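Trainee: Just a sequence and a predicted model for now, questions to come.
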Amino acid sequence: MAETVQLNAGWTTIGWPATAPAMTNEQVLERLDADGFQPVAISRYWGGRNIVHPYKSTAEIWQMEAGKGYFVQTGTMGTWTLPGSP
């Protein structure tokens, strides 16, 4: 069964699935863009601070980690099928 998340226009919390392929935060935003969600940014809480990566930025690139939570900011809402879902 495919893992999906309901995205809001604005910020949405997502959990990164164990079945997802190795991806950077920028690649996740690229996937959201390809799927029509108008991505703005992705963030995570790390080392006592919130780290935000704006879409198409070279700052703060990280690997997505299975089981970790992230915030994605999108311009449109809808149901997104997470990468790696069967």
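Mentor: Received the coordinates, thanks. Numbers count the residues shown, from 1 in each chain.

Trainee: R49 bridge partners, please.
Mentor: Note on R49: beta-bridge partners by DSSP bridges are W46.

Trainee: need the strands for the protein, in chain order.
Mentor: Taking DSSP state E as the test, the strands found in the chain are 4-7, 10-15, 39-46, 49-54, 69-74, 78-81.

Trainee: nearest to P21, of the ones you listed?
Mentor: Distance to P21, taken as C-beta to C-beta, is lowest for strand 78-81 among the strands of the chain, at 13.3 Å. Backbone N, C-alpha and C define where each C-beta goes, glycine included.

Trainee: Kindly list the main-chain dihedrals of the residue nearest to M77 when sequence neighbours are not counted?
Mentor: Excluding its sequence neighbours, the residue lying closest to M77 (C-beta to C-beta, 6 or more residues apart in numbering) is A9, at 4.7 Å. For A9, the backbone dihedrals (degrees, to the nearest 10) come out as phi -80, psi 110.

Trainee: Find me the pLDDT at A9, would you?
Mentor: pLDDT, A9: 97.

Trainee: Neighbours of it, how many?
Mentor: 14 (other C-beta atoms under 10 Å).

Trainee: same check, this time on the one 5 residues further on
Mentor: Using other C-beta under 10 Å, I14 has 19 other residues around it.
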